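**Student:** Below: sequence and its predicted model.
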Amino acid sequence: MPNPRKPERETITICAYCGVGCGFKAETIGNEIVRMTPWKEGKANHGHSCIKGRFAYDYWCHPDRIKTPMIRDSIEDPWSEVSWDEAFAHAAKELKRIQGKYGRRSVGGVSSSRCTNEEIFLTQKFVRAVLGNNNIDNCARICHSPTQFGLSATVGTGAASQHFDSILQADVIMVIGANPTEGHPVFGSMMKRRIRQGAKLIVIDPRRTETVDSPHCRADVHLALRPGTNVAILNSIAHVIVRENRHDTEFIKSRCEWQEFEQWAKLVGSEEYSPDKVGPLAGVDPEDIRRAARIYSTGPRSTIYYGLGVTEHSQGSTGVMCLGNLGLACGMYGREGVGVNPLRGQGNVQGGSCLGSWPHVFSGYRFVTDDATRESFEAEWGVELDSEPGLRLPNMFDAALTGHFKGMYIMGEDPVQSDPNQNHIIAAFRKMECVIVHDLFLNETSKFAHVFLPGSSSLEKDGTFTNAERRIGRVRKVVEPLAGYQDWEVTVKLMNAMGYDVEYAHAGEVLEELARLTPAYAGASFELVDRIGSAQWPVNADAPEGTEVLHTDQFPRANGRGTFMLTEFVPTRERVSAQYPLLLTTGRILSQYNVGTQTRRTANSQWHHEDVLEMSLADMQAGGLHDGDRVTITSRFGSTRLKVVESARMNPGVIYTTFHHAESKANAVTSDLSDWATNCPEYKVTAVDVTKVTSTKSKHAESSGKRAAHREREAEEV
Amino acid sequence: MTDDERPAVTGDVIDLELLITMANQIGDFFAPYPPDRAREGLRNHLRTYWDPRMRSALLAHIDAGGDGLNLRVIEGAQQLREKAADKSGYYGPPQH
């Protein structure tokens, strides 16, 4: 063991991995990071950390980092290294050429939750003010866009109602479609602490996750439902609550729309949602549905935490509404220990959501169709803005296939790897004429790009992040940006190259601008965050140091009341058949992060060097498979290969994999179905077949095309 | 914004089959609502979230008979043409 070197400097910043957003102390010698230690004063983590934030930071100086801008005329050509100025001029010339030829709406952009609030805000400004349309989206489209939609519809705010510490006062914890001990480990540890103190735990998840059963964590009820039946199960829980008169009439009468409650109670109270009907449909014991309903409604403080297992479905938004309905019906809002809380995926995914990288709303979730809102942005930005909603990310790809969408600025995202139905995405990119990738590394998407702008990691920039509990904290530059610029500076220079004159002396000035234009962030500033550490929005004149618990007096809706949405269960069109008899679902593990761009480039890979397919013993025996066999997984959309392992965590009929490695190509098989309200992809349900690989020479069976898949699905439904 | 764009590319902005699927999914959500609220909710959803070219393509398809669309969707989408139904800044399903 070498002697630890004495650091010269310490910088307090935020981990950019999951939505917990732990505070860290980065210790450096010169421009080298020698250690990351969790920050004791960090209000999200109180000095705790997981093995990603603590150890997986060396990706920032990995030899794969691209430090020089590159351009090329065709994706068949090799890249040419150019100066920053040449790259900006080339990108601007191409975007203008495309808009001149195909129209103003033929280009757009996407931002990433790995970037800061300031950068996300500037990306929307670039698209709206400079490109002159609203074709701007962000990666929350493919994860938590239903959260925004479903919670806004019921309680008026599309974000967590609580602060993380609130769980330490909960008597009942319901976890749905999330696996916090792996995906949000520091929060997961806090949850375990509360469970050790006696809180009850209800888990709703197809997989017997580590949250269901691991040291210090055991579910009192586990509903191992079939993927795609969330809404039926949640309605059935509601059925038991209203039929057994377990709802909180006083709360509903004083805080909610009573008439809407009555309509909702009639819907969920119908025989269709009785546990005896829903149990067999979802593959769970009806008695367990009753137990879950009784435990949740008894409380007295019951809280819900959920993840992508709720949102990434064709009824994702409806599933989120079910949770809002449930919380309101039982009066589980507006105090400590209760609430409904999304566990968001990335360090800044709440900020990514708040700051206007959406085709229909400006920062602060205010509509582009609203004249007064638009005028306030026009006054600040000095240009006229488009009053029509733009294309959502999946729609941009759909429009590329019809020749209507030709150019894209991609800040810190890798759609080819992370978006569903990979063959479809690749075909769309091949039809674009100018793809600008702004990233740390060459990735799957840069194979189809014409301009590459080197990005900076969160360790190389200044700004703010907003974590899953709405906490705005400071990201501080720990080391100098390897390629010379922080990401927000690159976006500004791109705006300048397009002829839009704007400059900021530092990222704090961007925050000042976004605070002027975003009510919930009105009081946010570098000065405030430097002084008090962090602040949860809304932070404004009424709450100068932020707000821990939302909805204590009223809900931010026109009449101040919460409402109930009618959440009819509509089965997904993605179903098993004789040809595709198994349902594939996906998740994450502790040591790796999402598609692995960062963690795979660190020593954390020694804990997880490949993704494997988890399968029940019964399914393995039925398929003649043995532990460790290489298998081909085929869906209606494409195929991929993985190693299969037997897992007691899976029920027969449902199989599971992680998606941390590009070569696993999990999205080669995922479907093109999406949430009815937001187009969030249905990643969590794909009907597949699994066969043993017999010859190593046989080529993958490729997708038969989207239309063909549609036809096939239609045919099977008949 | 003055519209100086030329219709350089013809045809639907998004594959019609996909638009029909998306529209019917929205229709499915509003099924449990009373008919007037379902129409209003559907119209507002399309107005707030759909690119104008997607809305025009859907309306053109309805004018051509609306093959494949359920009736609730047709009735709701037709409200896009009613000035009286215009409520800007609307979010989500029907409100009072």
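**Tutor:** That came through, no problem.
**Student:** Tell me how far the nearest residue to residue A:116 once chain neighbours are set aside lies from residue A:528.
**Tutor:** Distances taken as CB to CB, 6 or more residues apart in numbering or on different chains place residue A:463 nearest to residue A:116, at 2.9 Å, with adjacent residues excluded. No exception for glycine: its C-beta is placed from N, CA and C like everyone else's. Separation of residue A:463 from residue A:528 (CB to CB, to the nearest Å) stands at 14 Å.
**Student:** which one of these two has more residues nearby?
**Tutor:** residue A:463 (28 against 20; other CB atoms under 10 Å in any protein chain shown).
**Student:** Could you pull out the strands in chain B for me?
**Tutor:** With DSSP state E, there are no strands along chain B.
**Student:** Let me see the residues that make contact with the helix or strand bottoming out on mean pLDDT in it.
**Tutor:** Within chain B, no helix or strand scores below helix B:35-49, which has a mean of 91 by mean pLDDT, DSSP states H and E. Here helix B:35-49 makes contact (CB atoms under 8 Å, 6 or more residues apart in numbering or on different chains) with A:359-360, A:367, A:369, A:389, A:392, A:677-678, B:23, B:26-27, B:30-31, B:33, B:55, B:58, B:72-73, B:75-77, B:79-80, B:85-87, B:90-94.
**Student:** which ones among these are found in helices?
**Tutor:** B:23, B:26, B:27, B:30, B:55, B:58, B:72, B:73, B:75, B:76, B:77 (DSSP state H).
**Student:** picking up where we left off before, ok, what's across the strand from the residue nearest to residue A:116?
**Tutor:** residue A:475 (DSSP bridges).
**Student:** show me what contacts it?
**Tutor:** If you count contacts by CB under 8 Å, 6+ apart, residue A:463 has them with A:116, A:117, A:118, A:119, A:474, A:475, A:486, A:488, A:507, A:510, A:511.
**Student:** rerun at 7 Å
**Tutor:** Residues in contact with residue A:463 (CB atoms under 7 Å, 6 or more residues apart in numbering or on different chains) are A:116, A:117, A:118, A:119, A:475, A:488, A:507.
**Student:** Could you pull up phi and psi at residue A:218?
**Tutor:** In this entry, residue A:218 is assigned phi and psi values of phi -150, psi 130 (degrees, to the nearest 10).
**Student:** ugh, wrong one, residue A:348
**Tutor:** The phi/psi pair for residue A:348 (degrees, to the nearest 10) reads phi -130, psi 30.
**Student:** Give me every residue in the stretch 1-150 of chain A that's in contact range of chain B.
**Tutor:** A:101, A:102, A:103, A:104, A:105, A:132, A:149 (CB under 7 Å from any CB of the partner chain).
**Student:** quick one: residue A:5 and residue A:29 touch, right?
**Tutor:** Yes - using CB atoms under 7 Å, residue A:5 makes contact with residue A:29 at a distance of 6.2 Å.
**Student:** Residue A:436: helix or strand, and which one exactly?
**Tutor:** If you go by DSSP states H and E, residue A:436 is part of strand A:434-439.
**Student:** Might you enumerate the residues of the stretch 201-350 of chain A proximal to chain B?
**Tutor:** So the stretch 201-350 of chain A meets chain B at A:267, A:314, A:318 (CB under 7 Å from any CB).
**Student:** Buried among these? Make that a ChimeraX selection.
**Tutor:** This is the ChimeraX syntax for the buried subset of these, where burial follows 16 or more other CB atoms under 10 Å in any protein chain shown:
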select /A:267,314,318
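**Student:** just the residues of the stretch 201-350 of chain A next to chain B now: which is nearest residue A:436?
**Tutor:** Closest approach to residue A:436 among those (CB to CB): residue A:314, at 31.6 Å.
**Student:** Test my guess that the closest one contacts residue A:682.
**Tutor:** Yes - with contact defined as CB under 7 Å, residue A:314 reaches residue A:682; the gap is 4.9 Å.
**Student:** Overlap of the contact sets of those two?
**Tutor:** Joint contacts of residue A:314 and residue A:682 (CB under 7 Å, 6+ apart) are A:572, A:673, A:674.
**Student:** could you dump the residues you listed to TSV with secondary structure?
**Tutor:** Formatted as TSV, these follow (DSSP: H, G, I helix; E, B strand; the rest coil):
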residue	secondary structure
A:572	coil
A:673	coil
A:674	strand
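**Student:** Buried ones among those residues?
**Tutor:** For the shared contacts of residue A:314 and residue A:682, a burial check counting by 16+ other CB under 10 Å picks out A:572, A:673, A:674.
**Student:** Outline the domain layout of chain A.
**Tutor:** Split into domains by automatic domain parsing, chain A comes to A:9-61, A:70-140+A:357-519, A:145-342, A:582-717.
**Student:** Sketch out the low-pLDDT regions of chain B for me.
**Tutor:** B:1-8, B:87-96 (pLDDT under 70).
**Student:** buried residues in stretch B:9-24?
**Tutor:** Per 16+ other CB under 10 Å, stretch B:9-24 contains these buried residues: B:9, B:12, B:13, B:14, B:15, B:16, B:18, B:19, B:20, B:21, B:22, B:23.
**Student:** swap in stretch B:71-82?
**Tutor:** Result for stretch B:71-82 [16+ other CB under 10 Å]: buried residues B:72, B:73, B:74, B:75, B:76, B:77, B:78, B:79, B:80.
**Student:** Closest one to residue A:600 out of these, please.
**Tutor:** residue B:73 (44.4 Å).
**Student:** Surely that closest one and residue B:28 touch.
**Tutor:** No - look at residue B:73 against residue B:28 with CB under 7 Å: they stay out of range, at 9.2 Å.
**Student:** what is in contact with the two at once?
**Tutor:** Counting by CB under 7 Å, 6+ apart, no residue touches both residue B:73 and residue B:28.
**Student:** Could I have the CA atoms of stretch A:260-273 written out in CSV?
**Tutor:** Provided in CSV are the C-alpha atoms of stretch A:260-273 (Å, rounded to 0.1, in the frame of the first residue of the first chain):
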residue,chain,number,x,y,z
GLU,A,260,-63.1,13.8,-8.3
PHE,A,261,-62.5,11.5,-5.4
GLU,A,262,-65.9,10.1,-5.7
GLN,A,263,-65.5,9.3,-9.4
TRP,A,264,-62.1,7.8,-8.7
ALA,A,265,-63.5,5.7,-5.8
LYS,A,266,-66.2,4.4,-8.1
LEU,A,267,-63.7,3.4,-10.8
VAL,A,268,-61.2,1.6,-8.5
GLY,A,269,-64.0,0.3,-6.3
SER,A,270,-65.5,-1.6,-9.2
GLU,A,271,-65.3,-5.4,-9.2
GLU,A,272,-62.8,-5.2,-12.1
TYR,A,273,-60.1,-4.1,-9.6
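**Student:** Go through it and flag the buried ones.
**Tutor:** Of the residues in stretch A:260-273, those buried (16+ other CB under 10 Å) are A:260, A:261, A:263, A:264, A:265, A:267, A:268, A:269, A:273.
**Student:** quick one: contacts for the fourth one?
**Tutor:** Counting by CB under 7 Å, 6+ apart, residue A:264 touches A:325, A:564, A:566.
**Student:** so the helix or strand containing it versus helix B:35-49, what angle?
**Tutor:** Assigned by DSSP H and E, residue A:264 belongs to helix A:258-268. On the basis of axes from the mean of the first three to the mean of the last three CA atoms, to 10 degrees, helix A:258-268 is oriented at 100 degrees to helix B:35-49.
**Student:** Quick one: distance of helix A:258-268 to the chain centre.
**Tutor:** Distance of helix A:258-268 from the chain centroid (CA atoms, centre = their mean, to the nearest Å) equals 31 Å.
**Student:** Quick one: list the elements packing against the next helix or strand after that helix.
**Tutor:** Sequence-wise, the next helix or strand downstream of helix A:258-268 (DSSP H and E) is helix A:275-282. Counting contacts by 3 or more CB pairs under 7 Å, 6 or more residues apart in numbering or on different chains; DSSP states H and E, helix A:275-282 packs against helix A:230-243, helix A:286-298.
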